[in-house]
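S.K.: Sharing a model that was predicted from the sequence below.
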Amino acid sequence: MLELVLWDIDHTLMATGGLGRELWADAFEQVTGVAMREQADVTGSTERVILRETARLHGINFDTSLFSRFTEALGALHVRRAAELRERGHALPGAAVALAALASRGVRQSVVTGNVRAAAEVKLAVFGLDTYLALDEGAYAEDDESRPGLLRTALARAGVAPEGAVFLGDTPADVAGGRESGVRTVAVATGRISAGALRDAGADVVLDDLSDMDRVLAAVDH
(Lines give C-alpha, C1' and ligand atoms only; values in the text may rest on other atoms or scores of the structure.)
Protein backbone atom coordinates (compact mmCIF):
# COMPACT_ATOMS: atom_id res chain seq x y z
CA MET A 1 0.00 0.00 0.00
CA LEU A 2 1.35 3.42 -0.98
CA GLU A 3 2.00 5.54 2.11
CA LEU A 4 4.59 8.08 1.01
CA VAL A 5 5.73 9.76 -2.20
CA LEU A 6 9.20 11.31 -2.13
CA TRP A 7 10.27 13.88 -4.72
CA ASP A 8 13.61 15.09 -5.95
CA ILE A 9 13.44 18.86 -6.58
CA ASP A 10 15.81 20.14 -9.30
CA HIS A 11 14.76 19.09 -12.81
CA THR A 12 12.02 16.88 -11.36
CA LEU A 13 9.65 19.49 -9.92
CA MET A 14 11.29 22.74 -11.03
CA ALA A 15 14.16 24.46 -12.84
CA THR A 16 16.09 27.56 -11.75
CA GLY A 17 16.80 29.03 -15.19
CA GLY A 18 20.52 29.08 -14.44
CA LEU A 19 20.20 31.08 -11.23
CA GLY A 20 21.05 28.07 -9.08
CA ARG A 21 24.62 27.91 -10.39
CA GLU A 22 25.06 31.66 -9.92
CA LEU A 23 23.95 31.48 -6.29
CA TRP A 24 26.21 28.47 -5.72
CA ALA A 25 29.21 30.34 -7.12
CA ASP A 26 28.42 33.38 -4.99
CA ALA A 27 28.20 31.23 -1.83
CA PHE A 28 31.45 29.46 -2.72
CA GLU A 29 33.31 32.75 -3.09
CA GLN A 30 31.80 34.10 0.15
CA VAL A 31 33.05 31.21 2.27
CA THR A 32 36.38 30.52 0.55
CA GLY A 33 37.43 33.96 -0.68
CA VAL A 34 38.15 32.36 -4.06
CA ALA A 35 36.12 32.97 -7.23
CA MET A 36 34.78 29.70 -8.60
CA ARG A 37 36.57 28.82 -11.84
CA GLU A 38 34.80 25.51 -12.35
CA GLN A 39 32.25 23.40 -10.53
CA ALA A 40 32.36 19.67 -9.97
CA ASP A 41 29.73 17.62 -11.80
CA VAL A 42 26.40 18.27 -10.09
CA THR A 43 24.21 15.65 -11.76
CA GLY A 44 22.62 13.58 -9.03
CA SER A 45 25.11 14.75 -6.38
CA THR A 46 24.51 16.35 -3.01
CA GLU A 47 25.77 19.80 -2.01
CA ARG A 48 28.29 18.31 0.42
CA VAL A 49 29.89 16.20 -2.33
CA ILE A 50 29.79 19.02 -4.86
CA LEU A 51 31.39 21.44 -2.41
CA ARG A 52 34.11 18.97 -1.43
CA GLU A 53 35.01 18.20 -5.03
CA THR A 54 34.80 21.82 -6.15
CA ALA A 55 37.02 22.86 -3.25
CA ARG A 56 39.52 20.20 -4.32
CA LEU A 57 39.53 21.59 -7.87
CA HIS A 58 40.55 24.95 -6.39
CA GLY A 59 43.14 23.56 -3.97
CA ILE A 60 41.00 24.34 -0.93
CA ASN A 61 40.75 22.03 2.08
CA PHE A 62 37.26 20.75 2.83
CA ASP A 63 35.99 20.20 6.35
CA THR A 64 32.73 20.25 8.29
CA SER A 65 33.16 23.92 9.16
CA LEU A 66 33.42 24.88 5.49
CA PHE A 67 30.25 22.96 4.68
CA SER A 68 28.37 24.57 7.57
CA ARG A 69 29.37 28.06 6.48
CA PHE A 70 28.53 27.25 2.86
CA THR A 71 25.12 25.91 3.88
CA GLU A 72 24.32 29.12 5.72
CA ALA A 73 25.54 31.32 2.87
CA LEU A 74 23.70 29.40 0.16
CA GLY A 75 20.44 29.41 2.12
CA ALA A 76 20.68 33.14 2.78
CA LEU A 77 21.32 33.87 -0.90
CA HIS A 78 18.23 31.91 -1.91
CA VAL A 79 16.12 33.86 0.58
CA ARG A 80 17.54 37.19 -0.58
CA ARG A 81 17.02 36.45 -4.28
CA ALA A 82 13.74 34.55 -4.10
CA ALA A 83 11.96 37.11 -6.28
CA GLU A 84 14.61 36.68 -8.99
CA LEU A 85 14.21 32.91 -8.79
CA ARG A 86 10.48 33.33 -9.35
CA GLU A 87 11.17 35.41 -12.45
CA ARG A 88 13.88 33.26 -13.99
CA GLY A 89 12.88 29.76 -12.88
CA HIS A 90 9.68 27.79 -13.21
CA ALA A 91 7.81 24.77 -11.91
CA LEU A 92 7.95 22.02 -14.51
CA PRO A 93 4.77 21.21 -16.45
CA GLY A 94 2.42 19.07 -14.40
CA ALA A 95 4.39 19.35 -11.15
CA ALA A 96 1.84 21.33 -9.16
CA VAL A 97 -1.04 19.30 -10.56
CA ALA A 98 0.67 16.02 -9.65
CA LEU A 99 1.35 17.18 -6.11
CA ALA A 100 -2.23 18.38 -5.71
CA ALA A 101 -3.71 15.18 -7.16
CA LEU A 102 -1.74 12.98 -4.78
CA ALA A 103 -2.58 15.23 -1.83
CA SER A 104 -6.28 15.00 -2.70
CA ARG A 105 -5.97 11.23 -2.40
CA GLY A 106 -4.54 11.59 1.09
CA VAL A 107 -1.02 10.52 0.09
CA ARG A 108 1.78 11.94 2.24
CA GLN A 109 4.51 13.62 0.23
CA SER A 110 7.96 14.98 1.00
CA VAL A 111 11.33 15.55 -0.67
CA VAL A 112 14.67 13.81 -0.92
CA THR A 113 17.15 16.29 -2.31
CA GLY A 114 20.83 17.10 -2.51
CA ASN A 115 19.93 20.73 -1.78
CA VAL A 116 20.56 22.26 1.62
CA ARG A 117 17.25 22.61 3.39
CA ALA A 118 16.98 26.41 3.35
CA ALA A 119 17.53 26.51 -0.42
CA ALA A 120 15.08 23.67 -0.98
CA GLU A 121 12.39 25.45 1.01
CA VAL A 122 12.80 28.67 -1.00
CA LYS A 123 12.74 26.84 -4.33
CA LEU A 124 9.53 25.04 -3.44
CA ALA A 125 7.84 28.06 -1.85
CA VAL A 126 8.36 30.52 -4.71
CA PHE A 127 6.38 28.24 -7.02
CA GLY A 128 3.76 27.25 -4.44
CA LEU A 129 4.84 23.62 -4.35
CA ASP A 130 5.57 23.49 -0.62
CA THR A 131 1.84 23.49 0.19
CA TYR A 132 1.59 19.78 -0.55
CA LEU A 133 4.79 18.60 1.12
CA ALA A 134 5.59 17.53 4.68
CA LEU A 135 9.07 19.04 4.62
CA ASP A 136 10.00 17.87 8.12
CA GLU A 137 9.74 14.29 6.82
CA GLY A 138 12.17 14.95 3.98
CA ALA A 139 15.94 14.62 3.74
CA TYR A 140 18.46 17.25 2.67
CA ALA A 141 22.17 17.79 2.03
CA GLU A 142 22.82 18.35 5.73
CA ASP A 143 21.53 14.83 6.49
CA ASP A 144 23.71 12.62 4.30
CA GLU A 145 25.93 12.86 1.22
CA SER A 146 24.52 9.80 -0.56
CA ARG A 147 21.14 9.31 -2.18
CA PRO A 148 20.49 5.96 -0.43
CA GLY A 149 21.34 7.58 2.90
CA LEU A 150 18.96 10.45 2.22
CA LEU A 151 16.16 8.06 1.29
CA ARG A 152 16.69 6.02 4.45
CA THR A 153 16.63 9.22 6.50
CA ALA A 154 13.33 10.34 4.96
CA LEU A 155 11.76 6.91 5.47
CA ALA A 156 12.82 6.91 9.11
CA ARG A 157 11.42 10.40 9.68
CA ALA A 158 8.13 9.44 8.07
CA GLY A 159 7.98 6.08 9.82
CA VAL A 160 7.41 4.30 6.51
CA ALA A 161 8.97 1.05 5.29
CA PRO A 162 10.69 1.10 1.87
CA GLU A 163 7.94 -0.95 0.24
CA GLY A 164 5.39 1.70 1.27
CA ALA A 165 7.15 4.52 -0.59
CA VAL A 166 7.82 5.72 -4.14
CA PHE A 167 10.63 8.08 -5.14
CA LEU A 168 10.52 10.32 -8.21
CA GLY A 169 13.80 11.69 -9.59
CA ASP A 170 15.54 12.56 -12.83
CA THR A 171 19.04 11.03 -12.65
CA PRO A 172 20.67 7.60 -12.57
CA ALA A 173 21.86 8.50 -9.06
CA ASP A 174 18.21 8.82 -8.00
CA VAL A 175 17.47 5.43 -9.54
CA ALA A 176 20.48 3.82 -7.87
CA GLY A 177 19.50 5.35 -4.55
CA GLY A 178 16.02 3.92 -4.82
CA ARG A 179 17.29 0.48 -5.74
CA GLU A 180 19.85 0.40 -2.92
CA SER A 181 17.35 1.57 -0.31
CA GLY A 182 14.55 -0.70 -1.52
CA VAL A 183 12.27 2.11 -2.69
CA ARG A 184 10.41 1.84 -5.99
CA THR A 185 11.66 4.58 -8.31
CA VAL A 186 9.85 6.50 -11.04
CA ALA A 187 12.34 8.38 -13.22
CA VAL A 188 11.28 11.54 -15.03
CA ALA A 189 13.26 12.56 -18.12
CA THR A 190 12.95 16.30 -17.51
CA GLY A 191 16.60 16.85 -16.61
CA ARG A 192 19.85 16.23 -18.48
CA ILE A 193 19.41 12.45 -18.72
CA SER A 194 17.45 10.75 -21.49
CA ALA A 195 14.54 8.39 -20.92
CA GLY A 196 16.60 5.57 -22.42
CA ALA A 197 19.50 6.14 -20.04
CA LEU A 198 17.10 6.18 -17.09
CA ARG A 199 15.64 2.86 -18.22
CA ASP A 200 19.14 1.45 -18.55
CA ALA A 201 19.86 2.61 -15.00
CA GLY A 202 17.05 0.35 -13.78
CA ALA A 203 14.16 2.71 -13.04
CA ASP A 204 10.93 0.85 -12.34
CA VAL A 205 9.02 3.31 -14.55
CA VAL A 206 10.23 6.13 -16.80
CA LEU A 207 8.08 9.14 -17.71
CA ASP A 208 8.94 11.75 -20.31
CA ASP A 209 7.54 14.44 -17.98
CA LEU A 210 4.74 15.05 -15.48
CA SER A 211 2.24 16.54 -17.92
CA ASP A 212 0.12 13.39 -18.44
CA MET A 213 -1.61 13.07 -15.07
CA ASP A 214 -3.13 9.68 -15.79
CA ARG A 215 0.31 8.26 -16.53
CA VAL A 216 1.85 9.94 -13.49
CA LEU A 217 -0.78 8.58 -11.12
CA ALA A 218 -0.62 5.13 -12.70
CA ALA A 219 3.17 5.09 -12.33
CA VAL A 220 3.02 6.13 -8.69
CA ASP A 221 0.12 3.84 -7.75
CA HIS A 222 1.41 0.74 -9.53
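M.R.: Thanks, I have the structure now.

S.K.: What pLDDT does the model give the closest residue in space to Met14 that isn't next to it in sequence?
M.R.: Of all residues not flanking Met14 in the chain, Ala91 sits nearest, at 4.9 Å (CB to CB, 6 or more residues apart in numbering). (Glycine included, C-beta is placed from N, CA and C.) Ala91 carries a pLDDT value of 98.

S.K.: measure Ala91 to Ser211 for me?
M.R.: Distance, Ala91 to Ser211, by CB to CB, to the nearest Å: 12 Å.

S.K.: Which residue of the two possesses the greater neighbour count?
M.R.: Shown here are Ala91 and Ser211; by other CB atoms under 10 Å, Ala91 has more neighbours (19 against 15).

S.K.: What residues does the more buried one make contact with?
M.R.: By CB atoms under 8 Å, 6 or more residues apart in numbering, the residues touching Ala91 are Leu13, Met14, Phe127, Gly128, Leu129.

S.K.: Pull out the buried members of those.
M.R.: In the contacts of Ala91, burial by neighbour count holds for Leu13, Met14, Phe127, Leu129, counting by 16 or more other CB atoms under 10 Å.

S.K.: which one of these sits closest to Ala154?
M.R.: Closest approach to Ala154 among the buried ones among the contacts of Ala91 (CB to CB): Leu13, at 15.3 Å.

S.K.: Quick check: that closest one touching Val126?
M.R.: No - at 11.8 Å, Leu13 does not count as touching Val126 under the criterion of CB atoms under 8 Å.

S.K.: which stretches of this protein form strands?
M.R.: 4-7, 14-15, 90-91, 108-111, 165-169, 184-188, 205-207 (DSSP state E).

S.K.: will you turn these into JSON lines that also has distance to Ala154?
M.R.: Shown next, in JSON lines, are the strands of the chain (distance: least, CB to CB, whole Å):
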{"stretch": "strand 4-7", "distance to Ala154": "6"}
{"stretch": "strand 14-15", "distance to Ala154": "19"}
{"stretch": "strand 90-91", "distance to Ala154": "21"}
{"stretch": "strand 108-111", "distance to Ala154": "6"}
{"stretch": "strand 165-169", "distance to Ala154": "8"}
{"stretch": "strand 184-188", "distance to Ala154": "13"}
{"stretch": "strand 205-207", "distance to Ala154": "20"}
